[in-house]
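no FASTA, just this:
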């Protein structure tokens, strides 16, 4: 256990940040699952809407440092490829 007051405060802020980051990652995963479900259901309109929201969430997470910007780019690329395969 930390002894310094600043270290104790840092542990608390780290925990809070960890919870916020976990919640944002969970949201991203949920949108991705909904998007993939819409793809399997062949629902192009809903898939397009979910894709837009998923990309938005990925960009926000990358901007805030929750995930690396390259991971966000790779994930967006994968999602767009999946969407394009539905349209083709």
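Received the coordinates, thanks. All of these numbers come straight from a predicted model, not from anything done at the bench. Residues are numbered from 1 along each chain as shown.

Name the residues of the helix or strand encompassing residue 7 that are buried.
Applying DSSP states H and E as the criterion places residue 7 in helix 5-40. Within helix 5-40, the residues that qualify as buried by neighbour count (16 or more other CB atoms under 10 Å) are 24, 28, 31, 32, 34, 35, 38, 39. Yep, even glycine has a C-beta here, placed from its N, CA and C like the rest.

in what helix or strand does the residue nearest to the fourth one when sequence neighbours are not counted lie?
Taking CB to CB, 6 or more residues apart in numbering, and ignoring the residues beside it in sequence, residue 32 has residue 54 as its nearest neighbour in space, at 5.7 Å. Under the assignment given by DSSP H and E, the secondary-structure element containing residue 54 is helix 44-64.

What lies in contact with that helix?
24-25, 27-28, 31-32, 34-35, 38-39, 67-69, 71-73, 75-76, 79-80, 83, 86-87 (CB atoms under 8 Å, 6 or more residues apart in numbering).

Go again with 10 Å.
With CB atoms under 10 Å, 6 or more residues apart in numbering as the test, helix 44-64 has contacts from 17, 20-21, 24-25, 27-41, 43, 66-76, 79-80, 82-83, 86-87.
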